[in-house]
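Q: Predicted coordinates and the sequence they were generated for:
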Amino acid sequence: MRTRTSLFRALVAAVVGGLLSLAAVAATPRAGSDAIRVKDLGKIQGWRDNALIGYGIVTGLAGTGDSPTNRTTRQALANVLQQFNLSVAPDQVQSRNVAVVMVTAALPTFAREGDGLDINVTSAGDARSLLGGTLLLTPLKAANGRTYALAQGALSVGGYRYDANGNVVQKNHPTVGAVPGGAIVEVGLQTASHDNQASVTFVLQDADYTTANRVAAAINAQLGGDLAEARDASGIDVRIPDAERRRPVAFLAKLENVLVEPDRRARVVINERTGTVVAGGDVRIAKVSVAHGELRVSVEAETNVSQPLVLGYAARGVRTAVVTNSRVDVTEPGSAGFVTANNTVADLVQSLVRMRTSTRDIISILRAVKAAGALHADLIVQ
């Protein structure tokens, strides 16, 4: 009797273990699928970059700096010279080789003393170009007024501007520059440690209930146990096991590498300035009929001068007449008509390109299809 009971218990344990293994395999994404790491979907709550800003001076400009009438530049340069025991009145500063600038940077979450930061430098005065300039030592402060980094270095400007005798040659924006690694962190951030912490909250970049539920299910299936629970559309609470609380870094590393297949929202992004259309290949369009044509109206005006032929002196009342003749041309090309039935945006755009439809017209058609209720996606116009 005991042998049968033991055999029955062993059989039940094997069946339950097999079912759990099948569930874990089902929850684990297959190789080659659209699964990505959890770390690519969001971050741990509390991780954020901190904005830094400073006010500095760029020197070494070849006559392209701020004009001598800029009182801010003259005062700033006088203050710098005062630190080296050089007493110069602001009214005596007459240099165009100097420009006042604003310096910005982002302080990462785990920044430590001595780390380097990339900085951006923008002109705050009327300088024409920062090409060839060097940023003097500039303190970078946070919103609390405390200095966290010091910036200095030669500027890298991706453009130029040269003008002479009223002629100007310019490329890109020469009043904006960058200094890679140009700032040194002086005060590191005191980030809260996860040691002996019972749980953490993972926050998704794009809030979505389906994706949050899939992330929680993937964590439970791949890390084992009932560790994760979706709180809402963007937050997933993850409990740290008791054995891992003394070394949470190893557990968080495994958490970041959990594979999950997120649910993608149907979106179509349109940039009217550049004529760019970006859409997922599976964005659906309901059955709809589209007919597109254009009417071009051209108005041309031609001005002629009627000069009377006079021999000797002209009689009274005879004068030159200016006559303007206008011509209106109306061109109406044949409209293109077609029908789409349960197709995708990719199919529609491909058909329009084959018909030699311009990008601007494609944008207009997509907006009209969305207004008709046939485009099942969010239309984002930039």
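A: That came through, no problem.

Q: Walk me through the domains of the protein.
A: The record, using automatic domain parsing to delimit domains, assigns the chain the ranges 50-185, 193-260, 268-307+321-381.

Q: Quick one: closest of these to Asp40.
A: Set against Asp40 and scored by CB to CB, these come closest in domain 193-260, at 8.9 Å. Bear in mind the C-beta positions are built from the backbone N, C-alpha and C, glycine included.

Q: count of neighbours near Asp40?
A: If you count neighbours by other CB atoms under 10 Å, Asp40 ends up with 10.

Q: cool, Ala62 as well?
A: Here the number of neighbours of Ala62 (other CB under 10 Å) works out to 12.

Q: Is it correct that it is in contact with Gly132?
A: Yes. Taking CB atoms under 8 Å as the definition, Ala62 is a contact partner of Gly132 at 6.1 Å.

Q: Go through stretch 68-83 and flag the buried ones.
A: 70, 73-74, 76-78, 80 (16 or more other CB atoms under 10 Å).

Q: circling back to that earlier point, right, so of the domains of the chain, which gets closest to Arg37?
A: The minimum distance between Arg37 and the domains of the chain falls on domain 193-260, with 5.6 Å, by CB to CB.

Q: Tell me the gap between the closest one and the middle of its chain.
A: 27 Å (CA atoms, centre = their mean, to the nearest Å).

Q: isn't Gly159 right next to Lys171, touching?
A: Yes. Counting by CB under 8 Å, Lys171 is a contact partner of Gly159 at 4.6 Å.

Q: Could you point out which of the domains of the chain sits nearest Lys39?
A: The nearest among those, by CB to CB, is domain 193-260 at 3.8 Å.

Q: Roughly how far does the nearest residue to Gly56 once chain neighbours are set aside sit from Arg96?
A: Nearest non-adjacent residue to Gly56, counting by CB to CB, 6 or more residues apart in numbering: Thr138, 3.3 Å away. Counting by CB to CB, to the nearest Å, the gap from Thr138 to Arg96 is 21 Å.

Q: cool, and Ala233?
A: Taking CB to CB, one finds Ala233 at 56 Å from Arg96.

Q: related to what we said a few turns ago, more neighbours: which of Thr138 and Arg96?
A: Neighbour comparison, Thr138 and Arg96: the larger count goes to Thr138, with 23 against 17 (by other CB under 10 Å).

Q: so that one sits in a strand?
A: Yes. Counting by DSSP: H, G, I helix; E, B strand; the rest coil, Thr138 is located in a strand.

Q: so where does Phe202 fall, helix or strand?
A: If you go by DSSP states H and E, Phe202 is part of strand 199-204.

Q: Show me which positions of the helix or strand following that strand end up buried.
A: In the C-terminal direction, the helix or strand that comes right after strand 199-204 (DSSP H and E) is helix 209-223. Judged by neighbour count using 16+ other CB under 10 Å, the buried positions of helix 209-223 are 211-212, 214-223.

Q: same for the next helix or strand after helix 209-223, what does it pack against?
A: Using DSSP H and E, the helix or strand that directly follows helix 209-223 along the chain is strand 228-230. Counting contacts by 3 or more CB pairs under 8 Å, 6 or more residues apart in numbering; DSSP states H and E, strand 228-230 is packed against helix 209-223, strand 235-239.
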